[in-house]
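Colleague: I would like the atomic coordinates for the input below:
(one chain, ligands or ions: 2)
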Amino acid sequence: MLIGLQVWMKLLVGSMNKRVAIIGAGPSGISALRAFSTARDNGIDVPEIICFERQSDWGGQWKFNWRTGLDENGEPVHSSMYRYLWSNGPKECLEFSDYSFEQHFGKSIPSFPPREILEDYILGRAKKSNFRDWIKFNHSVRMVENQENGDFLLTVEDFNSKKIIKETFDYLIVATGHFSVPNVPEFDGIETFPGRVLHAHDFRSAGEFKGKDLLVVGASYSAEDVGLQCKKYGAKSVTFSFRTAPMDFIWPQGVDERELLTSVNKKTVTFKDGTKKDFDAIILCTGYLHSFPFLPQELRLVTTNRLFSPGLFKGVVWNDNPSLFYIGMQDQWYTFTMFDAEAWYARDVILGNIQLPSKEERTSEMREWDDRENNLEDAYGMIDFQADYIRSLMENTDYPKFDVELSQKEFKAWKKAKEKSIVSYRDQAHSSPVTNKLSPVHHTVWWEAMDDSMESYLKD
Ligand code: FAD
Ligand code: NA7
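Modeller: Residues are numbered from 1 along each chain as shown. Ligands and ions are numbered 1, 2, ... in the order given. Below you'll find the model as predicted:
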């Protein structure tokens, strides 16, 4: 009760002399920093902002890490990205409405860029925003305590000074991502398998599987991309194993889909349909866990990878304590644009520009989104759901408008192109909802493009 009252007092008093902690300087944390720095640049008084990032640099997942397991500080390696990763959705559908690709690269570029290009784009906007000194790198948040007066007490390990620091904040924004802690199921007999068994989180290079018979468990984005890429770079065969439903794409020769494996006996894997096959390696593309070991139970988001995040009003505000915000916790069709829309919303609640409705009203609106998700029938419905969600955020803030309807259309065209050909959807060109221009076609078809360097990609 006391905490509830204090929180409301804070929201009423506004942002003067307040402190905001952001955890994570990946794309979501960067969106939050951008939202506040934009207000600051417009002459608005903003609170003191401190962003804690446990890696040595910004970019989150997009900062490729050759390491697996633990990093140089003994922290779990964050990034799950791998060599030769090309965007799996059209870049037009993630384009910042306040910083277009054309503005960054000085020309229009094709629709499915490799990782390095997207990293350069995200960081390009960040570098121009003058907020890097708000970030404390090599700082890992270990514990958050919600104090009686409503403040958040953060315990942070500083790997530079090797010290533990404690600081209090009025508001907390959690932007730690949710594709980093692998979900690793057990399969009967897997300990007898003589080859390499790894989760997609530890996958770094398709070259390792050249000439090999590969089993990929899972039927979603990671499975599709890791498996297909291994085939592209020379795997002898790729077998996907699904739990619920096959991906059912028209696969290239040497790729097939089977029901879930039931057991492993040395090299031989048996599937639910009774078939058997020998493999050299197994990659578990079985998704990730939302993990917030630093948060106490009452502040902790507990969810699976879904569109509506339970407990979060507008997918952003912790309903039980509206001084706490999460960014980027949803299953992601939209990414950077959605993180921006969420960040602008969180910022405006903190600045007092948005007055939140009562808890009952918030709960009722959340129930509507939850019901809507539970009744979705297909991927097209999911795209519409997330587009409407972004609209509902944007109508409350001054995040520069972009053509959401066009982005929906482009997402659906992309989905259709994938159904038509999984190896050539990346050769299509999409239109930008920010500039309204149709992007050029890439000089080399993706299936034959082995060089993913920036230099090669940006060639005309
Ligand atoms: P992250 O990028 O995960 O960043 C979170 C940050 O929080 C990290 O820097 C981490 O070090 C930091 N952090 C975590 N815990 C702590 C702590 N306790 N203390 C301090 N700092 C902490 N999206 C696309 O749009 N297009 C794609 O093609 C695409 N491909 C993907 C491929 C893979 C393999 C994966 C895993 C994801 C892909 N994504 C893609 C989605 C991707 O997750 C988002 O684009 C984006 O990186 C999410 O940003 P985020 O900031 O929410 O999380
Ligand atoms: P997703 O999209 O959460 O998918 C996880 C997949 O793993 C999905 O097909 C699940 O099957 C499957 N899964 C989960 N547990 C099991 C078990 N126990 N057995 C078999 N299969 C299982 O994660 P992704 O890694 O593919 O994608 C996440 C992000 O990373 C995405 O944004 C990409 O761009 C990169 P189900 O269909 O639920 O039966």
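
Colleague: how about the strands of the stretch 1-150 of the chain, start to end?
Modeller: Using DSSP state E, counting those that start in this stretch, the strands found in the stretch 1-150 of the chain span residues 19-23, 48-52, 135-136, 139-146.

Colleague: need the winner for burial among the ones you listed.
Modeller: strand 19-23 (a mean of 24; mean count of other CB atoms under 10 Å). For every residue, glycine as well, the C-beta is placed using N, CA and C.

Colleague: and that one, anywhere near ligand 1?
Modeller: Yes - counting by CB under 6 Å from any ligand atom, ligand 1 has neighbours in strand 19-23: residue 23.

Colleague: list the helices and strands that strand packs on?
Modeller: Judged by 3 or more CB pairs under 8 Å, 6 or more residues apart in numbering; DSSP states H and E, strand 19-23 is in contact with helix 27-41, strand 48-52, strand 163-169, strand 171-174.

Colleague: mind listing what's buried in stretch 426-437?
Modeller: 426-428, 430-435 (16 or more other CB atoms under 10 Å).

Colleague: neighbouring contacts of it?
Modeller: 86-87, 90-93, 95-97, 100-102, 108, 110-112, 402-404, 406-407, 410, 413-414, 417, 438-442, 445-446 (CB atoms under 8 Å, 6 or more residues apart in numbering).

Colleague: is it possible to get the helices and strands packed on strand 19-23 out as JSON lines so that each row also shows distance to ligand 2 and mean pLDDT?
Modeller: JSON lines is the format used below for the helices and strands packed on strand 19-23 (distance: least, CB to the nearest ligand atom, whole Å; pLDDT from 0 to 100):
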{"stretch": "helix 27-41", "distance to ligand 2": "12", "mean pLDDT": "98"}
{"stretch": "strand 48-52", "distance to ligand 2": "23", "mean pLDDT": "98"}
{"stretch": "strand 163-169", "distance to ligand 2": "30", "mean pLDDT": "98"}
{"stretch": "strand 171-174", "distance to ligand 2": "18", "mean pLDDT": "98"}
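
Colleague: return the most buried member of these.
Modeller: strand 171-174 (a mean of 27).

Colleague: partner strands of that strand and their direction?
Modeller: Each strand paired with strand 171-174, and its direction, by DSSP bridges: strand 19-23 (parallel), strand 324-326 (parallel).

Colleague: which strands and helices lie in contact with the helix or strand following that strand?
Modeller: For strand 171-174, the following helix or strand on the C-terminal side (DSSP states H and E) is strand 181-182. Contacts defined by 3+ CB pairs under 8 Å, 6+ apart place strand 181-182 against strand 288-289.

Colleague: what segments of the stretch 251-400 of the chain are helices?
Modeller: With DSSP state H, counting those that start in this stretch, the ranges of helices along the stretch 251-400 of the chain come out as 336-350, 359-374, 379-394.

Colleague: could you name the helices and strands sitting against the first one?
Modeller: Which is helix 336-350. Here helix 336-350 touches helix 27-41, strand 317-318, strand 324-326, helix 379-394, going by 3+ CB pairs under 8 Å, 6+ apart.

Colleague: one more time with 7 Å
Modeller: In this structure, helix 336-350 packs against helix 27-41, helix 379-394, with contacts taken as 3 or more CB pairs under 7 Å, 6 or more residues apart in numbering; DSSP states H and E.

Colleague: domain parsing for the protein?
Modeller: 2-180+288-407, 190-284 (automatic domain parsing).

Colleague: can you redo the ones you listed as a markdown table with distance to residue 458?
Modeller: Formatted as a markdown table, the entries for those read as follows, by distance: least, CB to CB, whole Å:
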| stretch | distance to residue 458 |
| --- | --- |
| domain 2-180+288-407 | 7 |
| domain 190-284 | 21 |
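
Colleague: out of the ones you listed, which comes closest to residue 455?
Modeller: Judged by CB to CB, the one of the domains of the chain that comes nearest to residue 455 is domain 2-180+288-407, at 9.6 Å.

Colleague: how far is that closest one from where the chain is centred?
Modeller: 10 Å (CA atoms, centre = their mean, to the nearest Å).

Colleague: cool, and stretch 258-274?
Modeller: 32 Å.

Colleague: alpha carbons of that stretch, as CSV, please.
Modeller: The C-alpha trace of stretch 258-274 is given here as CSV (Å, rounded to 0.1, in the frame of the first residue of the first chain):
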residue,chain,number,x,y,z
ARG,A,258,10.7,-35.5,-39.5
GLU,A,259,8.6,-35.8,-36.3
LEU,A,260,10.3,-35.4,-32.9
LEU,A,261,13.1,-37.6,-32.1
THR,A,262,12.2,-40.2,-29.4
SER,A,263,15.7,-41.6,-28.7
VAL,A,264,19.4,-41.5,-29.5
ASN,A,265,21.6,-44.5,-29.6
LYS,A,266,25.2,-43.5,-30.4
LYS,A,267,25.0,-42.1,-33.9
THR,A,268,21.5,-43.4,-34.6
VAL,A,269,18.5,-41.3,-33.9
THR,A,270,15.0,-42.7,-33.9
PHE,A,271,12.0,-40.5,-34.6
LYS,A,272,8.3,-40.7,-33.5
ASP,A,273,7.3,-42.0,-36.9
GLY,A,274,9.6,-45.0,-36.4
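
Colleague: what residues sit buried inside that stretch?
Modeller: Applying 16+ other CB under 10 Å to stretch 258-274 flags 258, 261, 264, 269-271 as buried.

Colleague: next one: stretch 147-164
Modeller: Applying 16+ other CB under 10 Å to stretch 147-164 flags 150-152, 154, 156-157, 159 as buried.

Colleague: what does stretch 237-254 give?
Modeller: Applying 16+ other CB under 10 Å to stretch 237-254 flags 237-242, 247, 249, 251 as buried.

Colleague: one more: stretch 444-460?
Modeller: For stretch 444-460, burial by neighbour count (16+ other CB under 10 Å) applies to 446-447, 449, 452, 457-458.
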